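**Q** Structure here, sequence nowhere to be found:
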């Protein structure tokens, strides 16, 4: 997208969308620093319940809140330096959803190309929606999940993968 198109689009954004972009920018910076500086074991403890999944259905209100979060994180992730990494975007979206008490699952996948090189990918699902990392995720085998549980659900309602 050209700078001219970005400017035109920016003029059409609502105040609510601008606030969401500002929040996403701040959370992306924090997530980037966490990925760089914090050992994964410690970071993982902030992502949710290991090897569990959140419900595949959410309320319409939760969906209407979650989808714009995915848009904001993805939009800034493509435009800000060092924020395009799938892991950074997935962590940022997870934290933004958790703040709003919306259940989600972050997935970690691995793949091996024809040359034997390993590839890794992370994406986040909220209800039936993939909010970040949708492109190419089918090529990866899920090796770990972290679920933020539905705060309104009964205890133990996360479903193993």
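**A** Received the coordinates, thanks. The shown structure was predicted, so the numbers you read here are calculated from the model rather than taken from an experiment. Numbering: from 1, shown residues only.

**Q** Which of the helices and strands in the protein ranks last by mean pLDDT?
**A** helix 3-12 (a mean of 63; mean pLDDT, DSSP states H and E).

**Q** moving C-terminal of that helix, what's the next helix or strand?
**A** Elements were assigned by DSSP states H and E; along the chain past helix 3-12, the next helix or strand is helix 15-37.

**Q** what is the rounded mean pLDDT of the helix or strand following that following helix?
**A** Remark: after helix 15-37, the chain's next helix or strand is helix 40-44, criterion DSSP H and E. For helix 40-44, mean pLDDT rounds to 94.

**Q** What helices and strands are in contact with helix 40-44?
**A** Of the remaining helices and strands, none touches helix 40-44 by 3 or more CB pairs under 8 Å, 6 or more residues apart in numbering; DSSP states H and E. All C-beta spots, glycine's among them, are computed from the backbone N, C-alpha and C.

**Q** Can you report phi and psi for residue 133?
**A** Torsion angles at residue 133 (phi, psi; degrees, to the nearest 10) stand at phi 70, psi 20.

**Q** Excluding chain neighbours, what is closest to the spatially most central residue of the chain?
**A** Nearest to the mean C-alpha position of the chain, counting by CA atoms, centre = their mean, stands residue 90 at 2.8 Å. Closest residue to residue 90 apart from its sequence neighbours, by CB to CB, 6 or more residues apart in numbering: residue 122 at 4.2 Å.

**Q** Kind regards, and thank you for your time.
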